[in-house]
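Enquirer: 3D model of this:
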Amino acid sequence: MKKTILLLTMALLAGNVCKAESDNNKRTLTQKKYPVGYDNTSFAVFYFNGKSAYNNRGMVIFSGDTIKDLKINPSFSTVASLEKTKKGGTYAETFRVGKTIDSQQKIKVKNQNLTALAYSADARQLAIATSAKQILFYDVIGKKMQSTATSEITPQKMIFSGNNFFLAAIEGKTLEIWNVERKTIRKTINFDSKVNDVAFADNNSKMLVVTADGKLTVYDTATFNPKNTIEDAGSALACQANNNGKYAYVLYSPSRICVINLLDPTERQFIDDVNGGISTIRGIYNYNDNNDFIIYNTSNALVYQRMEGLTPYYNKMMSGELNEKLNQWMKQMPGESLEEYTARVNEESRREMAMELEREIATKMAVGLLEQSDVTVGDYNTKTKKLTLHFSSMPDIFLDVPLGEIKAFDKSSRLEFRNVKYGLNPDDKFEIVYAEVYNPENGKTYIFDNLERKSLSYMMEDANFVPIDVIQATSMEEIALESIKEDIISLAKQEQTISDKTHISVNTHADPAIDADGKNIINYNVEFTYEVEEEFSARDDFKPGHYHTEESGAAMSMLKIMKKAFENDFAKYIADGKRVKIAIKGTADASPIAHAIAYDGKYGEFDGEPVYKNNEMTNVTLNKKDGIATNDQLAFARAIGVQHYIEKELASFEKMNRNYEYHIEVSEQEGSKYRRISVQCTFIDAF
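Expert: Numbers count the residues shown, from 1 in each chain. Sure thing, here's the model as predicted:
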């Protein structure tokens, strides 16, 4: 058995609290040992060298046999090491991470060596590859093997995609892509050169692969066909992607990292480190200050590098806002008859509205761009009668200018641009799509009109459009849901369960998606939320320190709406074997918990349960013995109470493949209005 020799806290693990060499954008944590390999979750890093594993302050966290690899569970509840004995055998060992790091389980396979480890992004599975070409899938919480799959290779490296759809396994020149749910090989890709690394990017819609011949290849995960191959990636030793998937970080050499714009590979920047010894890079995103970082190792340090000069992914920003506005436009408006609604919302009007919204959003995003750009008069084509205008920060535009008027334009012309509208190119750069150009030399205005240009490519693909009949059906269902809501609220007010200061909201929307088999599907989201005006929160909602669902009139009213909806109008979405993701959010205010609140165990006991807090994964432990000592635990108890209600009151859900996802939120302010819950049910491939 290994001996735990260090007590740790999360604060101690955060890179930004360690004493080290640093400047505004770079923090170097010098180590006495070379970090041969490492893993991280957010800023917390564990690395290994020889027989010991260390935290990022160079303090030993455990020791034993020679460590070949190490992985941290994304929720930071466990860490797994792959180790080699003196006799040459290998095994895995998992450790529970808390105030101490304690040995939890040794995993050995008779007559087989273990070759690679990987934690799933949802922190619930540990994949272990063996020399017998097997991949073993372990339940992290239950600490038991769930299933075994047979590979065609002996994986030396494995990586899960962030959505848990895929597991990428590497051996030599071969890359296997697994469908994680089915435990089947989705695709095998053979390369001409050794595969050095693989990473998933752009919300898991892309896969990046670097090979020893110095190439970075980008794959579309819908088909796993190559989209683009980028040459001259140096030695291409490792790769990662930034948070939004616009940039790739490629380990160009042991002393250089290359940052490549995947939409415009000519845009590159380099990070050089004279210490060398870089073997691994990790891209992370700090949600607290909205900054991208790279973590990398050198021969004597761990380095946290803040990334500067990365432009936003404008197309992605636009698509989010555009979809939100378009979904709102496609809903049936109050007082609008069904006949009026179906006449207003059709395929043609939706496409026209999408293009109009695209221009509106792009123009808002590009504010000030023209003023920052140098404008010069270019060549004149005597055949087409078009005059070129050059912009230092945008593509050229062309004006229709009669030959007799060309003398009014010269290099020093002070042209005025009015009513300018913008669009975005596929390479994520702004372009002018409409402008009225006034020339004070002759007092004439020339129109540049490219409004009928092809819209965003994703908007023109049928795969990204929800059929109009589905949109109209879900709009009708939201009206029915509103009616159910009003009935429940009216009854609750009569029974004085809630007051008119409680405001419950219901929302439905259908989203296009692509499943793990590459099939175009439509997911259906049904959301239930509420708010209580502050002065009535303690009356209608949870009292301080309370977590039982039935103790909140507002929460119970919301859940009764949900129950009635799924027993009636929405029952058709509940079917045997169909998948539903139920995301539950529990919140708490900042009121300090001076003494632990008794927990009666009504909702079960939890050890290292994965939860999301402020967009990042963490874990929560809740049991009767220790009670509720933190606001994180209190928020989680409120969330888990919702699951208990669903399992008890919505019996029809039992026949579905249910996946619960817990979110907690702890306000920085005190007050009863910060104690509430919400639920979103996402029916996968609903139509």
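Enquirer: where does L559 fall, secondary structure wise?
Expert: Assigned by DSSP states H and E, L559 falls within helix 553-567.
Enquirer: now that helix, how far from the chain's geometric center?
Expert: With CA atoms, centre = their mean, to the nearest Å as the basis, helix 553-567 stands 29 Å off its chain's centre.
Enquirer: again with stretch 317-337
Expert: Worked out by CA atoms, centre = their mean, stretch 317-337 lies 23 Å from the chain centre.
Enquirer: which ones are touching S337?
Expert: If you count contacts by CB atoms under 8 Å, 6 or more residues apart in numbering, S337 has none. Using the backbone N, CA and C atoms, a C-beta is placed for each residue, glycine as well.
Enquirer: for L326, helix, strand, or coil?
Expert: Here L326 is helix, with the state taken from DSSP: H, G, I helix; E, B strand; the rest coil.
Enquirer: neighbours of it, how many?
Expert: 19 (other CB atoms under 10 Å).
Enquirer: and the gap between it and K364?
Expert: As judged by CB to CB, to the nearest Å, L326 and K364 stand 16 Å apart.
Enquirer: do R282 as well
Expert: Plainly put, R282 is 34 Å away from K364 if you go by CB to CB.
Enquirer: between the two, which one's more packed in?
Expert: Using other CB under 10 Å, the more surrounded residue of R282 and K364 is R282, with 20 against 11.
Enquirer: for that one, which non-adjacent residue is closest in space?
Expert: Spatially, and ignoring its direct neighbours in sequence, R282 is nearest to I295 (4.4 Å; CB to CB, 6 or more residues apart in numbering).
Enquirer: in which helix or strand would I find that neighbour?
Expert: strand 291-297.
Enquirer: so what secondary structure elements neighbour that strand?
Expert: The contact analysis (3 or more CB pairs under 8 Å, 6 or more residues apart in numbering; DSSP states H and E) places strand 291-297 against strand 37-41, strand 247-253, strand 281-286, strand 301-306.
Enquirer: helices and strands around the helix holding L559, which ones?
Expert: The contact analysis (3+ CB pairs under 8 Å, 6+ apart) places helix 553-567 against helix 468-494, strand 502-514, strand 520-532, helix 537-540, helix 631-649, strand 677-683.
Enquirer: least reliable of those going by mean pLDDT?
Expert: Comparing mean pLDDT across those, the weakest is helix 537-540, with a mean of 80.
Enquirer: buried residues of that helix, list them for me.
Expert: Judged by neighbour count using 16 or more other CB atoms under 10 Å, the buried positions of helix 537-540 are 537-540.
Enquirer: pick the one among those residues closest to N204.
Expert: Lowest distance from N204 to the buried residues of helix 537-540 (CB to CB) belongs to S537, with 38.4 Å.
Enquirer: and that closest one, what is it in contact with?
Expert: By CB under 8 Å, 6+ apart, the contact list for S537 reads 671-673, 675.
Enquirer: filter these down to the buried ones and hand me the ChimeraX line.
Expert: To isolate the buried members of the contacts of S537 in ChimeraX, using 16+ other CB under 10 Å:
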select :672,673,675
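Enquirer: in helices only, show me the contacts of S537.
Expert: Using DSSP state H, no member of these falls within helices.
Enquirer: got a markdown table for the buried residues of helix 537-540, with distance to A123 too?
Expert: Below are the buried residues of helix 537-540 laid out as a markdown table (distance: CB to CB, whole Å):
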| residue | distance to A123 |
| --- | --- |
| S537 | 33 |
| A538 | 35 |
| R539 | 38 |
| D540 | 35 |
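Enquirer: point out where the stretch 51-200 of the chain drops to low pLDDT.
Expert: Counting by pLDDT under 70, the stretch 51-200 of the chain shows no low-confidence range.
Enquirer: try it again at 90.
Expert: Applying pLDDT under 90 to the stretch 51-200 of the chain flags residues 98-100, 142-143.
Enquirer: just the strands in the stretch 151-300 of the chain please.
Expert: 157-160, 166-171, 174-179, 184-190, 195-201, 206-211, 215-220, 225-230, 239-241, 247-253, 256-261, 268-272, 281-286, 291-297 (DSSP state E, counting those that start in this stretch).
Enquirer: how about JSON lines for those strands, with distance to T382 added?
Expert: Output for the strands of the stretch 151-300 of the chain, formatted as JSON lines (distance: least, CB to CB, whole Å):
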{"stretch": "strand 157-160", "distance to T382": "58"}
{"stretch": "strand 166-171", "distance to T382": "56"}
{"stretch": "strand 174-179", "distance to T382": "55"}
{"stretch": "strand 184-190", "distance to T382": "52"}
{"stretch": "strand 195-201", "distance to T382": "47"}
{"stretch": "strand 206-211", "distance to T382": "45"}
{"stretch": "strand 215-220", "distance to T382": "42"}
{"stretch": "strand 225-230", "distance to T382": "38"}
{"stretch": "strand 239-241", "distance to T382": "48"}
{"stretch": "strand 247-253", "distance to T382": "43"}
{"stretch": "strand 256-261", "distance to T382": "37"}
{"stretch": "strand 268-272", "distance to T382": "39"}
{"stretch": "strand 281-286", "distance to T382": "52"}
{"stretch": "strand 291-297", "distance to T382": "49"}
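Enquirer: looking at those, spot the one closest to A571.
Expert: A571 lies closest to strand 174-179 among those, at 29.9 Å (CB to CB).
Enquirer: buried residues in the strand holding I295?
Expert: Within strand 291-297, the residues that count as buried by 16+ other CB under 10 Å are 292-297.
Enquirer: could you do stretch 203-218 as well?
Expert: By neighbour count with 16+ other CB under 10 Å, stretch 203-218 contains the buried residues 204, 206-211, 214-218.
Enquirer: can you give me the strands in the stretch 301-450 of the chain?
Expert: All strands of the stretch 301-450 of the chain, identified by DSSP E, counting those that start in this stretch, fall at 301-306, 375-381, 386-391, 397-400, 416-424, 430-439, 444-449.
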